[in-house]
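Asks: Next comes the sequence, and after it the predicted model I'd like to discuss.
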Amino acid sequence: MRKYFVGALVVVALAIPTAAWSVNLHTPHLGSGCSTGFVGTFHFVNNQTGGTQTPGTLDAVIGGTHYQVLAYKVNQNVQHFLIEDAEGSIASASTNLAGKLVLSDLTCTEKR
């Protein structure tokens, strides 16, 4: 009887689809951007990822343009993303990882 019970649990566990992880940008960072005539380098950090070593994907809309980038640096519980030469402010940003997504740094330079 015990074998059948354990076997049934395994079948049920395999039948339940795994939840897709995702996290949105920390709300106070929405709207961050550069003034007109400047472009920004946006450095996003997703921390508390639970040790995921596969590079995640960041989707962001900045100044009406959609960006999709892979993590350029993966540490044990942190992944880093970079978007360069973007005009405008952040309308949205999210990753396909668990954790907390923040805007770590924003550098504005005069548009060339």
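Replies: Arrived safely, thanks for sending.
Asks: Quick check: what element follows the helix or strand of the chain with the lowest mean pLDDT along the chain?
Replies: Ranked by mean pLDDT, DSSP states H and E, the helix or strand of the chain with the weakest confidence is helix 2-15, at a mean of 40. Past helix 2-15, further along toward the C-terminus, the next helix or strand under DSSP states H and E is strand 23-24.
Asks: Please name the strands paired to that next one in the sheet, noting orientation.
Replies: Sheet pairing of strand 23-24 (DSSP bridges) gives strand 90-95 (antiparallel).
Asks: Following element in sequence after the partner strand, please.
Replies: Going down the chain from strand 90-95, the next helix or strand is strand 100-110, by DSSP H and E.
Asks: Packing partners of that next one?
Replies: Counting contacts by 3 or more Cβ pairs under 8 Å, 6 or more residues apart in numbering; DSSP states H and E, strand 100-110 packs against strand 23-24, strand 38-47, strand 90-95. Any C-beta I mention is one placed from the backbone N, CA and C, and that applies to glycine too.
Asks: Tabulate those (a markdown table), appending mean pLDDT, distance to Glu110 and mean neighbour count.
Replies: Output for the helices and strands packed on strand 100-110, formatted as a markdown table (pLDDT from 0 to 100; distance: least, Cβ to Cβ, whole Å; neighbours: other Cβ atoms under 10 Å):
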| stretch | mean pLDDT | distance to Glu110 | mean neighbour count |
| --- | --- | --- | --- |
| strand 23-24 | 96 | 31 | 16 |
| strand 38-47 | 97 | 6 | 20 |
| strand 90-95 | 97 | 20 | 20 |
